[in-house]
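**Student:** just coords:
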């Protein structure tokens, strides 16, 4: 790579870092943003942090959460974002600094991904514009500043790389790019399931548009490209099987996937944007979606220069620009009631719950789409000093910046001490009820002792997250109730003989205890297929990383000396 090109890339990366820091300045100054979902996210992060410290990399169940009854939420929630927070906190030992650093890194990674993706088609200045628009996109900032949708926010840093590598695979059909797509898509699965569903739809449409509009269609290169794409998806599934092999078979055991959490305020039908009621009724019925409407309208406004540019005469557009345009229009359409007929007939789409989640795609593709018009308008101002274009572009940018500033201004912030107290209180605090087993009931919390055994005295030998060991003195046959939520993966042994694990009406575990002195062990045991999935996942990651490394070294070795 030429020396000047390296200098340009380094300069651009520094600028993107500056964008990211600027976007996080309100949080750096005022404190970590907070919202309703913050406590649950930090509880997951704290759980992983403590688990890693104890030597367990990916815990099956937690022990002290829910007043000691345990929690299975991490069996269902993708863990990548919480691993990032946990590992950073292992290095920094300060949740406050860890949070600010992690959020800044997410913005930086997303900006770099957009920049590299835009560089596939655009020159560096326009790619920087796209990165800046994406970094400061109101919905992008709102994810962390107001809603604190942590996992979705992390997914916005991964999505650009999915489209970057898909673009490269569709254009060049090389295995090195297929490896990148595989790894990026696997990380997306491990970060946020709704964004995985939405991202998959957008990836499929975008890839189709690019391939269909290639100069040569239905030829051997296209077949090779499709072959690489069809390898990438199942390989990503294998790489993430350690997660979904536990999650998918157990969906009916947790409350989040019950009809309760897909109706009323969680129903897709109640969460479309640009509903007239949002602007007429700012009260409870509008669910405060008017702000999301404003964010969508802001992305429409900043796209006006590009629309005007496209309308000025007939032009032949590249497959990438066509793909960006088509997906941008689809994403905006999917947020509105006009798309209700699609939502009504696709059950998987309904699992997303909120149509406004498509705003992440609107922000991503809107950034590339808007950069076209902004760059053309800027060039026109430099060349002709056109007053009308200057006023128009300035007005569009002012609206965009004002909305982004409003998002950060309306956020609620917590200080270092308040965040530390919150994280500390999550240790034994209640998790979100949506992650409780379907049979769990809050009345179970009335039991404060680890073991309630009316027939004889009990003594605890071990009481960890995945293993309970206690002794019950001889007495009358009885039933012991444990301070543990029932889950089918628990297995019990009394005097080395396996006994059934039952549940009380409140969802706690109960065991039949004989009259004789009893040595009782309760162990959380994963099925054999889960253990196999861990092996397959590790092997798949090892293969992809090694294969990509070999291809990279071969490419470097084949490059001319002057180009390195």
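**Tutor:** Looks like it came in fine. Bear in mind that the values here come from a model prediction, so they are computed numbers and not experimental data. Residues are numbered from 1 along each chain as shown.

**Student:** CA atoms for contacts and neighbours, from now on please.
**Tutor:** Fine.

**Student:** so what's residue 12 up against?
**Tutor:** residue 128 (Cα atoms under 8 Å, 6 or more residues apart in numbering).

**Student:** okay but residue 157 is in contact with residue 103, surely?
**Tutor:** No - judged on Cα atoms under 8 Å, residue 157 makes no contact with residue 103 at a distance of 10.2 Å.

**Student:** Mind splitting this protein into its structural domains?
**Tutor:** Segmentation of the chain into domains, based on automatic domain parsing, reads 3-423+535-555, 446-524.

**Student:** Make a markdown table from these and add distance to residue 434 and mean pLDDT to it.
**Tutor:** Output for those, formatted as a markdown table (distance: least, Cα to Cα, whole Å; pLDDT from 0 to 100):
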| stretch | distance to residue 434 | mean pLDDT |
| --- | --- | --- |
| domain 3-423+535-555 | 4 | 91 |
| domain 446-524 | 14 | 92 |
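
**Student:** Now render these as TSV, adding distance to residue 440.
**Tutor:** Formatted as TSV, those follow (distance: least, Cα to Cα, whole Å):
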stretch	distance to residue 440
domain 3-423+535-555	9
domain 446-524	4
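
**Student:** mind checking which of those domains is nearest residue 433?
**Tutor:** Closest approach to residue 433 among those is made by domain 3-423+535-555 (7.4 Å; Cα to Cα).

**Student:** And for residue 496, the neighbour number?
**Tutor:** Applying other Cα atoms under 10 Å, we find 11 residues neighbouring residue 496.

**Student:** That one and residue 468: what is the separation?
**Tutor:** Counting by Cα to Cα, to the nearest Å, the gap from residue 496 to residue 468 is 14 Å.

**Student:** just to revisit the earlier point, the domains of the chain: which one's closest to residue 437?
**Tutor:** Of all these, domain 3-423+535-555 comes closest under Cα to Cα, at 4.3 Å.

**Student:** that older thread, which of the domains of the chain sits closest to residue 436?
**Tutor:** The nearest among the domains of the chain, by Cα to Cα, is domain 3-423+535-555 at 5.7 Å.

**Student:** check contacts around residue 504.
**Tutor:** If you count contacts by Cα under 8 Å, 6+ apart, residue 504 has them with 481, 510.

**Student:** can you rerun that using 10 Å?
**Tutor:** Shown here is residue 504, whose contacts under the criterion Cα atoms under 10 Å, 6 or more residues apart in numbering are 439, 440, 441, 444, 481, 482, 485, 486, 510, 511.

**Student:** so what sits against both of residue 157 and residue 103?
**Tutor:** Counting by Cα under 10 Å, 6+ apart, the residues touching both residue 157 and residue 103 are residue 109.

**Student:** And residue 413, which helix or strand is it part of?
**Tutor:** According to DSSP states H and E, residue 413 maps onto strand 412-414.

**Student:** ok, and the most crowded of the contacts of residue 504?
**Tutor:** residue 485 (26 neighbours).

**Student:** residues in contact with the residue lying closest to that one once chain neighbours are set aside?
**Tutor:** Excluding the flanking residues, the one nearest residue 485 by Cα to Cα, 6 or more residues apart in numbering is residue 508, at 4.4 Å. Counting by Cα under 10 Å, 6+ apart, residue 508 makes contact with 69, 439-441, 443-445, 447, 481-487, 502.

**Student:** in what helix or strand does residue 461 lie?
**Tutor:** Residue 461 belongs to strand 458-463, assigned by DSSP H and E.

**Student:** helices and strands around the next helix-or-strand element following that strand, which ones?
**Tutor:** Remark: after strand 458-463, the chain's next helix or strand is strand 467-472, criterion DSSP H and E. Applying 3 or more Cα pairs under 10 Å, 6 or more residues apart in numbering; DSSP states H and E, one finds that strand 467-472 makes contact with strand 458-463, strand 478-485, strand 490-494, strand 518-524.

**Student:** now the shortest one, how far from the centre of its chain.
**Tutor:** In this case it means strand 490-494. In terms of Cα atoms, centre = their mean, to the nearest Å, the centre of strand 490-494 is found 36 Å from the chain centre.

**Student:** Would you list the strands that that strand pairs with, along with their directions?
**Tutor:** Note on strand 490-494: by DSSP bridges, its sheet partners are strand 497-499 (antiparallel), strand 518-524 (antiparallel).

**Student:** swap in the first one?
**Tutor:** The partner list of strand 458-463 in its sheet, established with DSSP bridges, is strand 467-472 (antiparallel).

**Student:** Quick one: work out the angle between the partner strand and strand 478-485.
**Tutor:** Relative orientation of strand 467-472 versus strand 478-485 (axes from the mean of the first three to the mean of the last three Cα atoms, to 10 degrees): 150 degrees.

**Student:** Centre of the chain to strand 467-472, how far?
**Tutor:** Between the centre of strand 467-472 and the centre of its chain there are 38 Å (Cα atoms, centre = their mean).

**Student:** Run through who's touching it.
**Tutor:** Under Cα under 10 Å, 6+ apart, the answer for strand 467-472 is 61, 63, 450-451, 453, 455-463, 480, 482, 484, 490-495, 513-525.

**Student:** at 7 Å what do you get?
**Tutor:** Outside strand 467-472, the residues that touch it by Cα atoms under 7 Å, 6 or more residues apart in numbering are 456-463, 517-524.

**Student:** now stretch 483-501
**Tutor:** 68-70, 440, 447, 449-451, 503, 507-511, 518-526.

**Student:** Just the buried positions in stretch 78-86, please.
**Tutor:** Buried residues in stretch 78-86, counted by 16 or more other Cα atoms under 10 Å: 78, 79, 80, 81, 82, 83, 84, 85, 86.

**Student:** again with stretch 355-369
**Tutor:** 355-369.

**Student:** got it, and stretch 301-316?
**Tutor:** Going by 16+ other Cα under 10 Å, stretch 301-316 has these buried residues: 301, 302, 303, 304, 305, 306, 307.

**Student:** What does the residue nearest to residue 185 when sequence neighbours are not counted show for phi and psi?
**Tutor:** In this structure, residue 185 finds its nearest non-sequential neighbour in residue 162, 6.1 Å apart by Cα to Cα, 6+ apart. Main-chain torsions, residue 162, degrees, to the nearest 10: phi -60, psi -50.

**Student:** number of nearby residues for residue 162?
**Tutor:** Neighbour tally, residue 162, other Cα under 10 Å: 24.

**Student:** hang on, isn't it packed against residue 184?
**Tutor:** Yes - under the criterion of Cα atoms under 7 Å, residue 162 makes contact with residue 184 at 5.4 Å.

**Student:** one step back: what's near enough to touch the residue nearest to residue 185?
**Tutor:** Residue 162 is in contact with 181, 184, 185, counting by Cα under 7 Å, 6+ apart.
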